[in-house]
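K.L.:
Sequence plus the predicted model coming up.
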Amino acid sequence: METKIAVLASGAGSNFKALVQGDTEPGIVDILLTDNINAGALKLAEELGIESKYLYPGKYKTKFGIREEELWTQFLIDRGIQLICLAGLMRIVKGPLLEAFNGRIMNIHPSLLPAFPGLDAQGQAFKYGVKIAGCTVHYVDKGTDTGPIILQESVAVLDSDQRDSLAERILLKEHQIYSKAVKAHCTGRAVYSKVVR
(Lines give C-alpha, C1' and ligand atoms only; values in the text may rest on other atoms or scores of the structure.)
Protein backbone atom coordinates (compact mmCIF):
# COMPACT_ATOMS: atom_id res chain seq x y z
CA MET A 1 0.00 0.00 0.00
CA GLU A 2 1.29 3.45 -0.95
CA THR A 3 2.73 5.70 1.78
CA LYS A 4 2.17 9.41 1.11
CA ILE A 5 5.22 11.50 1.97
CA ALA A 6 5.55 15.24 2.54
CA VAL A 7 9.01 16.77 2.30
CA LEU A 8 9.62 19.92 4.35
CA ALA A 9 12.51 22.09 3.17
CA SER A 10 13.85 25.63 3.57
CA GLY A 11 16.66 25.78 1.02
CA ALA A 12 17.98 24.48 -2.28
CA GLY A 13 16.22 21.12 -1.99
CA SER A 14 18.92 18.67 -3.09
CA ASN A 15 17.76 16.04 -0.57
CA PHE A 16 14.18 16.63 -1.69
CA LYS A 17 15.27 15.90 -5.26
CA ALA A 18 17.13 12.78 -4.11
CA LEU A 19 13.99 11.50 -2.40
CA VAL A 20 11.83 12.13 -5.47
CA GLN A 21 14.30 10.37 -7.75
CA GLY A 22 15.33 7.60 -5.33
CA ASP A 23 13.65 4.26 -4.64
CA THR A 24 11.30 4.89 -1.73
CA GLU A 25 8.52 2.50 -2.78
CA PRO A 26 5.91 1.98 -1.53
CA GLY A 27 6.49 5.52 -0.33
CA ILE A 28 5.85 8.32 -2.79
CA VAL A 29 6.63 12.02 -2.40
CA ASP A 30 3.24 13.71 -2.59
CA ILE A 31 4.09 17.32 -1.80
CA LEU A 32 6.87 19.74 -0.88
CA LEU A 33 6.13 22.26 1.86
CA THR A 34 8.42 25.19 2.58
CA ASP A 35 8.66 27.97 5.12
CA ASN A 36 10.75 30.06 2.70
CA ILE A 37 8.95 31.64 -0.24
CA ASN A 38 12.30 32.00 -2.03
CA ALA A 39 13.47 28.41 -1.45
CA GLY A 40 15.25 26.84 -4.40
CA ALA A 41 13.31 23.68 -3.61
CA LEU A 42 10.18 25.32 -5.05
CA LYS A 43 11.77 25.57 -8.50
CA LEU A 44 12.99 21.98 -8.21
CA ALA A 45 9.48 20.80 -7.35
CA GLU A 46 8.13 22.47 -10.47
CA GLU A 47 10.82 20.83 -12.60
CA LEU A 48 10.14 17.43 -11.02
CA GLY A 49 6.37 17.69 -11.35
CA ILE A 50 5.75 17.59 -7.59
CA GLU A 51 3.13 19.85 -6.04
CA SER A 52 4.61 22.46 -3.73
CA LYS A 53 3.28 25.02 -1.29
CA TYR A 54 4.63 27.83 0.87
CA LEU A 55 3.03 28.09 4.29
CA TYR A 56 3.70 30.95 6.67
CA PRO A 57 5.72 29.62 9.64
CA GLY A 58 5.17 32.46 12.11
CA LYS A 59 7.34 35.32 13.31
CA TYR A 60 10.19 33.26 14.79
CA LYS A 61 13.36 32.37 12.86
CA THR A 62 14.20 28.91 14.23
CA LYS A 63 10.83 27.52 15.33
CA PHE A 64 7.19 27.62 14.31
CA GLY A 65 4.62 29.84 15.92
CA ILE A 66 2.16 27.58 17.77
CA ARG A 67 -0.85 28.66 15.68
CA GLU A 68 1.15 28.33 12.47
CA GLU A 69 2.40 24.88 13.40
CA GLU A 70 -1.19 23.85 14.09
CA LEU A 71 -2.13 25.01 10.58
CA TRP A 72 0.81 23.12 9.01
CA THR A 73 -0.23 20.02 10.96
CA GLN A 74 -3.86 20.21 9.91
CA PHE A 75 -2.87 20.75 6.29
CA LEU A 76 -0.76 17.56 6.35
CA ILE A 77 -3.47 15.55 8.12
CA ASP A 78 -6.12 16.72 5.64
CA ARG A 79 -3.77 15.79 2.80
CA GLY A 80 -3.51 12.23 4.10
CA ILE A 81 0.24 12.42 4.67
CA GLN A 82 1.66 9.39 6.46
CA LEU A 83 5.37 10.26 6.64
CA ILE A 84 7.18 13.61 6.92
CA CYS A 85 10.76 13.95 5.70
CA LEU A 86 12.71 16.99 6.84
CA ALA A 87 15.19 18.02 4.16
CA GLY A 88 16.96 21.13 5.32
CA LEU A 89 13.99 22.59 7.20
CA MET A 90 15.64 25.26 9.35
CA ARG A 91 13.09 25.08 12.16
CA ILE A 92 12.79 23.02 15.31
CA VAL A 93 9.80 20.67 15.28
CA LYS A 94 8.51 20.20 18.83
CA GLY A 95 4.82 21.09 19.03
CA PRO A 96 1.62 19.95 17.30
CA LEU A 97 3.50 18.55 14.28
CA LEU A 98 5.53 16.17 16.43
CA GLU A 99 2.50 15.16 18.46
CA ALA A 100 0.36 14.38 15.40
CA PHE A 101 3.13 12.58 13.49
CA ASN A 102 5.07 11.05 16.38
CA GLY A 103 7.27 8.25 15.03
CA ARG A 104 6.54 9.38 11.46
CA ILE A 105 8.97 12.28 11.03
CA MET A 106 12.46 11.64 9.67
CA ASN A 107 15.46 13.92 9.35
CA ILE A 108 18.85 13.79 7.61
CA HIS A 109 21.80 15.20 9.55
CA PRO A 110 25.36 15.74 8.27
CA SER A 111 27.24 13.94 11.04
CA LEU A 112 27.55 10.49 12.58
CA LEU A 113 25.15 11.10 15.44
CA PRO A 114 25.31 11.33 18.38
CA ALA A 115 28.46 13.26 17.45
CA PHE A 116 28.03 16.91 16.40
CA PRO A 117 24.28 17.54 16.71
CA GLY A 118 22.79 20.92 15.84
CA LEU A 119 23.93 23.55 13.38
CA ASP A 120 26.98 23.28 11.10
CA ALA A 121 27.81 19.70 12.00
CA GLN A 122 30.33 19.56 9.14
CA GLY A 123 32.16 22.59 10.52
CA GLN A 124 32.07 21.11 14.01
CA ALA A 125 33.60 17.86 12.75
CA PHE A 126 36.25 19.66 10.72
CA LYS A 127 37.29 21.88 13.64
CA TYR A 128 37.40 18.92 16.01
CA GLY A 129 39.81 17.17 13.68
CA VAL A 130 37.99 13.88 13.18
CA LYS A 131 39.29 11.44 10.57
CA ILE A 132 35.83 10.02 9.85
CA ALA A 133 32.71 12.14 9.38
CA GLY A 134 29.41 11.19 7.77
CA CYS A 135 25.65 11.51 7.87
CA THR A 136 22.67 10.05 9.72
CA VAL A 137 19.00 9.51 8.97
CA HIS A 138 17.01 9.44 12.19
CA TYR A 139 13.51 9.75 13.54
CA VAL A 140 12.66 13.10 15.09
CA ASP A 141 11.90 13.33 18.79
CA LYS A 142 11.72 16.24 21.24
CA GLY A 143 15.49 16.63 21.45
CA THR A 144 17.94 18.13 18.98
CA ASP A 145 19.06 15.30 16.66
CA THR A 146 18.50 12.74 19.43
CA GLY A 147 15.87 10.46 17.86
CA PRO A 148 16.37 6.77 16.99
CA ILE A 149 18.95 6.25 14.23
CA ILE A 150 17.82 4.49 11.05
CA LEU A 151 20.89 4.62 8.77
CA GLN A 152 24.38 6.10 8.83
CA GLU A 153 27.13 6.42 6.24
CA SER A 154 30.72 7.38 6.93
CA VAL A 155 32.91 9.77 4.94
CA ALA A 156 36.70 9.87 5.29
CA VAL A 157 38.17 13.29 6.08
CA LEU A 158 41.03 13.92 3.67
CA ASP A 159 44.20 15.82 4.51
CA SER A 160 43.32 18.20 1.67
CA ASP A 161 39.79 18.86 2.97
CA GLN A 162 38.39 22.20 3.99
CA ARG A 163 35.01 22.54 5.65
CA ASP A 164 33.16 23.04 2.34
CA SER A 165 34.82 20.16 0.47
CA LEU A 166 33.98 17.83 3.36
CA ALA A 167 30.39 19.11 3.40
CA GLU A 168 30.04 18.44 -0.34
CA ARG A 169 31.12 14.82 0.02
CA ILE A 170 28.84 14.30 3.02
CA LEU A 171 25.93 15.72 1.00
CA LEU A 172 26.52 13.14 -1.75
CA LYS A 173 26.20 10.38 0.87
CA GLU A 174 23.04 12.03 2.23
CA HIS A 175 21.49 11.76 -1.22
CA GLN A 176 22.27 8.04 -1.26
CA ILE A 177 21.01 7.01 2.16
CA TYR A 178 17.89 9.12 2.70
CA SER A 179 15.77 7.24 0.18
CA LYS A 180 17.04 3.91 1.59
CA ALA A 181 15.92 4.92 5.07
CA VAL A 182 12.53 6.08 3.79
CA LYS A 183 12.06 2.78 1.98
CA ALA A 184 12.96 0.93 5.18
CA HIS A 185 10.24 2.84 7.03
CA CYS A 186 7.64 2.39 4.30
CA THR A 187 8.27 -1.37 4.11
CA GLY A 188 8.14 -1.80 7.90
CA ARG A 189 11.84 -2.55 8.35
CA ALA A 190 12.28 0.65 10.38
CA VAL A 191 9.85 1.84 13.02
CA TYR A 192 10.28 4.52 15.64
CA SER A 193 10.85 2.15 18.55
CA LYS A 194 13.06 -0.31 16.71
CA VAL A 195 15.12 -0.35 13.55
CA VAL A 196 15.38 -3.74 11.84
CA ARG A 197 18.43 -4.10 9.62
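P.N.:
It's in.

K.L.:
Which parts of this structure are strands?
P.N.:
Remark: strands assigned in the chain by DSSP state E are 3-9, 27-34, 51-54, 83-86, 105-109, 132-139, 149-156, 190-191, 194-195.

K.L.:
Tell me how far stretch 171-183 lies from the chain's centre.
P.N.:
What separates the centre of stretch 171-183 from the centre of its chain is 10 Å, taken as C-alpha atoms, centre = their mean, to the nearest Å.

K.L.:
Same check on stretch 47-67?
P.N.:
For stretch 47-67, the distance to the chain centre is 14 Å (C-alpha atoms, centre = their mean).

K.L.:
what sits against Leu44?
P.N.:
Leu44 is in contact with 12-13, 16-17, 32, counting by C-beta atoms under 8 Å, 6 or more residues apart in numbering. Yep, even glycine has a C-beta here, placed from its N, CA and C like the rest.

K.L.:
So, low pLDDT: which residues of this structure?
P.N.:
194-197 (pLDDT under 70).

K.L.:
And the strands of the chain: which comes nearest Ile177?
P.N.:
strand 149-156 (4.9 Å; C-beta to C-beta).

K.L.:
Show me the domain layout of this structure.
P.N.:
As given by automatic domain parsing, the domain ranges for the chain are 1-101, 108-197.

K.L.:
Excluding sequence neighbours, find me the nearest residue to Ile105.
P.N.:
Nearest non-adjacent residue to Ile105, counting by C-beta to C-beta, 6 or more residues apart in numbering: Val140, 4.1 Å away.

K.L.:
Distance of the residue nearest to Tyr56 when sequence neighbours are not counted relative to Lys131?
P.N.:
Counting by C-beta to C-beta, 6+ apart, Glu68 is the residue found nearest to Tyr56 once chain neighbours are left out, at 6.0 Å. Separation of Glu68 from Lys131 (C-beta to C-beta, to the nearest Å): 42 Å.

K.L.:
ditto for Arg104
P.N.:
Arg104 is 35 Å from Lys131, by C-beta to C-beta.

K.L.:
Mind checking which of the two has more residues around it?
P.N.:
Legend: neighbour count by other C-beta atoms under 10 Å for Arg104 and Lys131, higher for Arg104 (19 against 9).

K.L.:
List the contacts of the more buried one.
P.N.:
Arg104 sits next to 82-84, 192 when contact means C-beta under 8 Å, 6+ apart.
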